[in-house]
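>>> no sequence on this one, just coordinates:
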């Protein structure tokens, strides 16, 4: 997967509002994304370390680096990303509504 580049458009009025609190809007956005990535990684690592430890069929060592850990988990048949989980939940709700 290639690096993801995201562009954010902030209109003039919103820029003025943000500048009342922020010295540098771009730095704030970059730091906000970095913080979210770090929180998601910590949660992902914690949840999946426990799942791997609880899986009696998993006998390999748990990777200590982020890239190898993510590759291991995302290759598992029981891994689902957020979009897949949301789609499955919506399908379940739709089936209940009948």
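Cool, the structure landed. These numbers come from a predicted model, not from an experiment. Numbers count the residues shown, from 1 in each chain.
>>> Okay, and residue 40 sits in which element?
Counting by DSSP states H and E, the element that carries residue 40 is helix 25-54.
>>> How about residue 59?
For residue 59, there is no helix or strand it lies in under DSSP H and E.
>>> Could you do residue 64 as well?
Residue 64 belongs to no helix or strand, assigned by DSSP H and E.
>>> give me the number of residues near it?
7 (other Cβ atoms under 10 Å). Every residue, glycine included, has its C-beta placed from N, CA and C.
>>> let's have the chain start at 24 instead
That works, and once the first residue is 24, the last one we named lands at residue 87.
>>> Tell me how far it lies from residue 105.
To residue 105, residue 87 is 25 Å away according to Cβ to Cβ, to the nearest Å.
>>> that older thread, pLDDT (mean, whole number) over the helix holding residue 63?
For helix 48-77, mean pLDDT rounds to 97.
>>> Which secondary structure elements does it sit against?
Other helices and strands packing on helix 48-77, by 3 or more Cβ pairs under 8 Å, 6 or more residues apart in numbering; DSSP states H and E, are helix 35-42, helix 89-97.
>>> Indicate which one of these is closest to residue 69.
When the helices and strands packed on helix 48-77 are compared by Cβ to Cβ, helix 89-97 sits nearest residue 69, at 11.3 Å.
>>> Beyond that closest one, next helix or strand please.
Downstream of helix 89-97, the next assigned helix or strand under DSSP H and E is helix 105-120.
>>> So what touches that following helix?
Here helix 105-120 makes contact (Cβ atoms under 8 Å, 6 or more residues apart in numbering) with residue 103.
>>> and that helix with helix 48-77, angle?
When axes from the mean of the first three to the mean of the last three Cα atoms, to 10 degrees is applied, the directions of helix 105-120 and helix 48-77 differ by 70 degrees.
>>> Compute the distance between the residue nearest to the spatial centre of the chain and residue 114, please.
Centroid check for the chain by Cα atoms, centre = their mean gives residue 63 as the closest residue, at 4.9 Å. Applying Cβ to Cβ, the value for residue 63 to residue 114 is 24 Å.
>>> Could you do residue 51 as well?
Here the criterion is Cβ to Cβ. By it, residue 51 lies 38 Å from residue 114.
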